[in-house]
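Peer 1: Compute the structure for the input listed below.
(chains A, B, C and D, ligands or ions: 4)
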There are 4 protein chains.
Amino acid sequence: MRAARIHQHGGPEVLRVDEVPEPEPGPRDVVLRQAGTSVNHRDIWLRKGLSDDTFQIPLPSVLGIDVAGEVVAVGDEVEGFRVGDRALANPYIACGSCHACIRQREHLCADIDISNGAYAEYVVVPENRLVALDASVSDEAASCFANTYITAWEMLVNKARITPDDVVLVWAGTSGLGSAAVDIALLAGATVIATAGQPEKIQTLAALGPDLVLNHYEDDVVARVMEFTGGAGASVVFEHVGHATWGRTIDAAASGARIVNAGLTTGQMLETDAVKMIMKQFTITGSCLGTMAAARGAVRQLNRGRLHPLIGERLPLSEIVEAHRLLDEGRVTGKLLIDVTS
Amino acid sequence: MRAARIHQHGGPEVLRVDEVPEPEPGPRDVVLRQAGTSVNHRDIWLRKGLSDDTFQIPLPSVLGIDVAGEVVAVGDEVEGFRVGDRALANPYIACGSCHACIRQREHLCADIDISNGAYAEYVVVPENRLVALDASVSDEAASCFANTYITAWEMLVNKARITPDDVVLVWAGTSGLGSAAVDIALLAGATVIATAGQPEKIQTLAALGPDLVLNHYEDDVVARVMEFTGGAGASVVFEHVGHATWGRTIDAAASGARIVNAGLTTGQMLETDAVKMIMKQFTITGSCLGTMAAARGAVRQLNRGRLHPLIGERLPLSEIVEAHRLLDEGRVTGKLLIDVTS
Amino acid sequence: MRAARIHQHGGPEVLRVDEVPEPEPGPRDVVLRQAGTSVNHRDIWLRKGLSDDTFQIPLPSVLGIDVAGEVVAVGDEVEGFRVGDRALANPYIACGSCHACIRQREHLCADIDISNGAYAEYVVVPENRLVALDASVSDEAASCFANTYITAWEMLVNKARITPDDVVLVWAGTSGLGSAAVDIALLAGATVIATAGQPEKIQTLAALGPDLVLNHYEDDVVARVMEFTGGAGASVVFEHVGHATWGRTIDAAASGARIVNAGLTTGQMLETDAVKMIMKQFTITGSCLGTMAAARGAVRQLNRGRLHPLIGERLPLSEIVEAHRLLDEGRVTGKLLIDVTS
Amino acid sequence: MRAARIHQHGGPEVLRVDEVPEPEPGPRDVVLRQAGTSVNHRDIWLRKGLSDDTFQIPLPSVLGIDVAGEVVAVGDEVEGFRVGDRALANPYIACGSCHACIRQREHLCADIDISNGAYAEYVVVPENRLVALDASVSDEAASCFANTYITAWEMLVNKARITPDDVVLVWAGTSGLGSAAVDIALLAGATVIATAGQPEKIQTLAALGPDLVLNHYEDDVVARVMEFTGGAGASVVFEHVGHATWGRTIDAAASGARIVNAGLTTGQMLETDAVKMIMKQFTITGSCLGTMAAARGAVRQLNRGRLHPLIGERLPLSEIVEAHRLLDEGRVTGKLLIDVTS
Ligand SMILES: [Zn+2]
Ligand SMILES: [Zn+2]
Ligand SMILES: [Zn+2]
Ligand SMILES: [Zn+2]
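Peer 2: Ligands and ions are numbered 1, 2, ... in the order given. This is a model prediction of the structure:
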């Protein structure tokens, strides 16, 4: 089968579509045939070879973490899936043996692994990381869902525990992760303020239905959030950008706000003023993907027809280099779908 | 009566013991005659005149936030206290009208005020900020309790919600706030790791009963915490120092830890590595004093005989300049009691 | 002005429309001119004179707890409202002095009072129980909102803390309270199963949009809930009926479910099998109206256009006896609006 | 080896000490040699053959759920234990496949199994249900710990989430489960009210250190709790008796209280007044044993020397019939230790 791999770290051009053997299922595994997959920032960090432990992989490796498709083979001990079913895979792998895991807190696993291999026609996945997909879900939506929606679900539903009482500020609401956050926050009944940076993205964002849309380059976001909330600020901030927005995240947060953070794309070191932290008594929580509980919750709503990934671009697997180039340059709106069949 | 005031900002020497009128109670107020009070870092920040809004006061002002004593006069509408009763005052004043307050979340008030005036023989306090003290509580303990214990209670009991399942790391466990935290964490059944920086303080700290005592100048605190916890790290970190310990706070925190922070004594800007925040999925929460709920909870345990402020120094009100000098220079172990009667 | 009062306890016929003086505002009060109000089960319990302490009132009394309208007069100390504004009142009055109240847990006040007087052209309300209404909200919706939506909000958002991860079972989803619960649970992204008892009510209920509609007289509700949830059961049960549904509530609840209960219309004594309680480890929580936090949360969504009270009947104040008769006989779908202007 | 089994259901006399083969470890199992074990009410329910599903077992069966001892053999794949180590077993077995389990909520497993077999010299246990015991823990304490302490820990620490702010009422504080609850509640810094029914038990109970001891036969428990709490009531009730105390549990509960319930020894059907439930807005939560998280938490404190099972009686395995007779008749104070070596 065809799969896009890196043989060395570097720019988009290190990606190569290779012919590799089709995967065989182990006794508890399922093989999925994919219609598509999608690119994520994590793929770029792996391609570049960032130095943190969490970004180390063997070479060559098939990149990609968004897996969904039709079951074409199952191992002998698989009980929950049959050939012909559809399923979506959670890339989050809890270690099962750290202090968090043995206390049934897999969502806080100290030794998470994240499964790669999605840039391929077929992918093998252990049954226990799969969630069943209804027939009503389109291939396109399924291919562009796993990473962004499970990550945003864990952040908003499980970590921030948003309710209809919250005002949620989402930075970069037309990015893959940001648009998932807008979708989930609206589903949960929250009042949503979202930002984008270019006129056409502003328009795309407005169509998603947030209560207020801001331009994070031109508007004074903090002042506008304060004005919209009568001086209170946002009770939840969905932070996934990093250095470039962090100061405004702190200033736009309400007293007692919950700031959830999965961000480092614009810089890893985040500086926080302790006086603001103490006087506003807000909470900052880091988050990383999500466990099967988050995956099941999010997919239930996908199956229910209430979540709609924003897909801004479509490319065949043969143009994976171009796909990475677009993401590198910030030129993708929502998700970039990769058609693995062509 | 005698009271210690500042007429201008500056070093310890700006404090002057003045003769001022005894306070009269308004209709809902209570006048307390104090045996003693205590000095706190906040008093120093006010004395120095830090620029943040929260540190602005009119001049001249009587400093001091630890108020406790015997009721000597009550206003016409006071119902809960009579002359002869004993009471302790909470210096935290919620505004009552911000978004947090009108949603019954006074602990998250966005416009907290903090009551000064404790460096005096008599203090007037609205009834609704008082908690009754039992006869069994010593004057010394009552005088050295309010700020540190209410602050630590809010951080550990209300914000971090510690349980006997937690391992709590307390920095500077012989400081006023740190020793209150050690006391409360042990009361709550947690396993406690505490640090100090000099041999005699190490000994004082060990006598408080923590499970592990470390020297934060000489020991590799992160390595020792990891070793003691079998590689897990501390599930709660009590941070009240600021810049000097922040990096080690992040590294010693367990996956999923709750870091509670009231600290800025060693520097206000706190830098956090987003990759660590995301991979360990910890939570950082700022905290500032505590509401009447925290005050009532802490005083109940004081009345029950389960909390014991660490008092390392005693000076008369006439030596308030020396008292501030000792606190400025970090030469106080635990609390510095001020005898306001001499 | 005209107001409907009871001068003695008894059947619907004890209600009389009397001419009474228009209310004058105290210094912190607001006078509202109403377009309408609504009838609630509590009004019936007061009219009948149930023996529990909570149902005692002086005679004669104007009944009714749903107050909303236009501001026509304000007291001297009122700051947040002006003549011409629109507002909705929360009938819940926390005592302010019980153990719950002094710990800032007004939602758990042990000595709640509930404000009557809504069956009238003008109503006086302390400013601190009012929430501002947007111009976009219809008079009809405002008149039929306070009691049912604040009660259901407190139960679902504050007590059960529902998320999009929940499956919520709502009994009697076409009643006033039940339809508010369906509306709020859908707003919060939950999967909703709701019941009704007659064909036309089933149709009305289906139009509200729940995921599954059941007939609580004809369907085996427990079996259908189990089937729909793949054997798990409902993670939240909204119980407001009492004796008639309690056994099925217990059986339809998932392991670890949260059952929230405001119900006693069909019988006050609820019998629970301890083995089921222990093996399923569910939680039962009683709830009673809701504080200003709940009122503000619910009204924010009303102002946002996301909540829509179900109004099944409209009668003038002059037919208040007939209105009570209809509610007594269970013949009202959703809310019964009373036009107080005619 | 010797083991006490039942071959049929009935009175204490159906227990027989049989000679049975020593257990062999499977690949992931550990074999423990016990010094002792203990009897629990669950053993009696199994012996009698109660009709609920959860009490069904094959015959003959070795009864007993309190397992602790020295490791004498390990399976090939065991990594965490070696011969010579000491360990304690958690009898709670989550199914791993129900809706709760696949969402990482094993503590809410809908299909719990509970492991029997403790009335024996040797017991085989899967490694993943074992917690390491320190050398400092006595054999007696280890043998009388698992069921009662893990159950009470789950109820108080995980379900009720007690803090030093709580007043906990523990019924029958000299029973096995009740004395564990008193021990844990005091460890967690709560104020504890506990009851007993006979003069000598009252004395034993007072020695455990609760803040107030009541006689549940002679005292008006509700009135005394209200008096002690200044009219507030208990913020947490530890209910494990059932029908005989339930009404007083409801009446002694504070507004907003958390009632945790593992009780049915005196009757299975619990009747609750809905008006009280609604006006006091309390929460009732069923609980059943506890997961490995609870087991690890409790054993950490046992290892730390902070928990001390109350052992009122000691009998050899050969007198297991007499042991059951004593428990049947309510004549045991605290735990009844069974010496399995004689
Ligand atoms: Zn892990
Ligand atoms: Zn405020
Ligand atoms: Zn109250
Ligand atoms: Zn299970």
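
Peer 1: excluding its backbone neighbours, what's nearest the residue of the stretch 201-342 of chain A found nearest ligand 3?
Peer 2: With distances taken as Cβ to the ion, the stretch 201-342 of chain A approaches ligand 3 most closely at A:G256, which sits 22.7 Å away. C-betas here are computed from N, CA, C, even on glycine. With sequence-adjacent residues excluded and distances taken as Cβ to Cβ, 6 or more residues apart in numbering or on different chains, A:G256 is closest to B:L108, at 3.2 Å.

Peer 1: Can I get the strand or helix carrying the residue of the stretch 201-342 of chain A closest to ligand 3 in PDB? Just the C-alpha atoms.
Peer 2: Counting by DSSP states H and E, the secondary-structure element that holds A:G256 is strand A:253-261. Taking only C-alpha atoms (Å, rounded to 0.1, in the frame of the first residue of the first chain), the coordinates of strand A:253-261 have been written out as PDB:
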ATOM      1  CA  ALA A 253      -9.600  36.100  31.700                       C
ATOM      2  CA  ALA A 254     -12.200  36.800  34.300                       C
ATOM      3  CA  SER A 255     -11.600  36.500  38.000                       C
ATOM      4  CA  GLY A 256     -11.700  32.800  38.700                       C
ATOM      5  CA  ALA A 257     -11.400  31.900  35.000                       C
ATOM      6  CA  ARG A 258     -10.200  28.500  33.800                       C
ATOM      7  CA  ILE A 259      -7.600  28.800  31.100                       C
ATOM      8  CA  VAL A 260      -7.000  25.600  29.300                       C
ATOM      9  CA  ASN A 261      -3.800  25.300  27.300                       C
END
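
Peer 1: Contact partners for the residue nearest to A:P309 when sequence neighbours are not counted?
Peer 2: Here the nearest residue to A:P309 in space, its sequence neighbours aside, is A:C144; by Cβ to Cβ, 6+ apart that works out to 4.3 Å. For A:C144, the contacting residues are A:36, A:38, A:66, A:176, A:309, A:311, A:334-335, A:337, taking Cβ atoms under 8 Å, 6 or more residues apart in numbering or on different chains as the criterion.

Peer 1: For chain D, see how far away A:C144 is.
Peer 2: 24 Å (Cβ to the nearest Cβ, to the nearest Å).

Peer 1: What are the boundaries of the helices in the stretch 1-150 of chain A?
Peer 2: Per DSSP state H, counting those that start in this stretch, the stretch 1-150 of chain A has helices spanning A:41-48, A:99-102, A:139-143, A:146-153. These are given in chain order.

Peer 1: Equivalent analysis for the stretch 151-300 of chain A, please.
Peer 2: With DSSP H, counting those that start in this stretch applied, the stretch 151-300 of chain A shows helices at A:176-187, A:199-207, A:221-228, A:243-252, A:274-280, A:292-303, listed in chain order.

Peer 1: What is the subsequent helix or strand relative to the last one?
Peer 2: Counting by DSSP H and E, the element after helix A:292-303 in chain order, helix or strand, is strand A:311-316.

Peer 1: so after that following strand, what's the next helix or strand?
Peer 2: Using DSSP H and E, the helix or strand that directly follows strand A:311-316 along the chain is helix A:320-328.

Peer 1: the inter-axis angle of that next one versus helix A:41-48?
Peer 2: With axes from the mean of the first three to the mean of the last three Cα atoms, to 10 degrees applied, the angle from helix A:320-328 to helix A:41-48 works out at 110 degrees.

Peer 1: which outside residues touch helix A:320-328?
Peer 2: Looking at helix A:320-328 with Cβ under 8 Å, 6+ apart, the contacting residues turn out to be A:4, A:11-13, A:15, A:17, A:39, A:41, A:43-44, A:47, A:119, A:313, A:315, A:332, A:336, A:338.

Peer 1: Would you write a PyMOL line that selects the buried entries of those?
Peer 2: For the buried members of these, the matching PyMOL selection, counting by 16 or more other Cβ atoms under 10 Å in any protein chain shown, is:
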select buried, chain A and resi 4+12+15+17+39+41+43+44+47+119+313+315+332+336+338
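
Peer 1: picking that back up, roughly how far apart are the residue nearest to A:G256 and B:G286?
Peer 2: Applying Cβ to Cβ, to the nearest Å, the value for B:L108 to B:G286 is 10 Å.

Peer 1: what's the neighbour count on A:P27?
Peer 2: Other residues within reach of A:P27, judged by other Cβ atoms under 10 Å in any protein chain shown, total 11.

Peer 1: what sits against the residue nearest to A:H7 when sequence neighbours are not counted?
Peer 2: By the measure of Cβ to Cβ, 6+ apart, the closest residue to A:H7 outside its immediate chain neighbours is A:P60, 4.5 Å from it. If a contact means Cβ under 8 Å, 6+ apart, then A:P60 has A:5-7, A:18 as its contacts.

Peer 1: Residues of the stretch 101-250 of chain A that sit close to ligand 1?
Peer 2: Contact residues, the stretch 101-250 of chain A versus ligand 1 (Cβ under 5 Å from the ion): A:101, A:109, A:111.
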